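Student: Give me a 3D structure for the following:
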Amino acid sequence: MSEDDGLAALRRGEDPNILARLRTGWAVLGATQLLPGYCLLIHDGDADQLTDLPRAERTAFLADLALLGEAIAAVCAAADPGFLRINYEVLGNAWHHLHGHVRARYTWEDERLRVGPVDLYGPALTDPRHAAGPAHDPLRAQLSAALTTITRDAYAEL
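Tutor: I've put the predicted structure just below:
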């Protein structure tokens, strides 16, 4: 499936990894769960990069990205005592559509890998053993529930 097809599936609500519809796009469970809790926020628009957006929309996108990180942190900290922190990336080098990566990091990671970008994991990132699937349904449900609560509270403050 092409990235454009994936965006169309999100817009139709047909992507099985959708966690929640946020103000600026979709929170989705990442295709690889090598590091449990990896998610993306995919912008609902045609922007290629953050600076393509008007300032108010940029701010809203980054706020949604932070809310996704808050939900991931809550779920992953409750599930794994090795939870360490959340890392955020807005890259766009491979897919020219605005999206942000939100990654949980853990104390149990090899230090050489933990202190650098996740790309240091190399081929392990695409190993089929780590692919998101039915085994991740409980994580998916927990993240969706956390996002519902967090966004309800945060959006009410606006």
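Student: where exactly do the strands run in this structure?
Tutor: 18-21, 25-29, 39-43, 83-89, 99-106 (DSSP state E).
Student: winner for burial among the ones you listed?
Tutor: Across the strands of the chain, the average number of neighbours (mean count of other Cβ atoms under 10 Å) peaks for strand 39-43, which reaches a mean of 25. Yep, even glycine has a C-beta here, placed from its N, CA and C like the rest.
Student: from the middle of its chain, how far away would that strand be?
Tutor: 5 Å (Cα atoms, centre = their mean, to the nearest Å).
Student: Which neighbouring elements make contact with that strand?
Tutor: The elements that strand 39-43 packs onto, with contact taken as 3 or more Cβ pairs under 8 Å, 6 or more residues apart in numbering; DSSP states H and E, are strand 25-29, helix 55-79, strand 99-106.
Student: List just the one of those that sits closest to Arg152.
Tutor: For these, distance to Arg152 was read as Cβ to Cβ. The smallest value, 10.5 Å, belongs to helix 55-79.
Student: Contacts for that closest one, please.
Tutor: Here helix 55-79 makes contact (Cβ atoms under 8 Å, 6 or more residues apart in numbering) with 22-25, 27, 36-37, 39, 41, 43, 45, 50-51, 53, 83, 85-86, 88, 90, 98, 100, 102, 104, 139, 142-143, 146-147, 150-151, 154.
Student: Now do the buried residues in that helix.
Tutor: 57-58, 60-77 (16 or more other Cβ atoms under 10 Å).
Student: same deal with stretch 140-151?
Tutor: Buried-residue list, stretch 140-151, by 16+ other Cβ under 10 Å: 140, 142-144, 146-147, 150-151.
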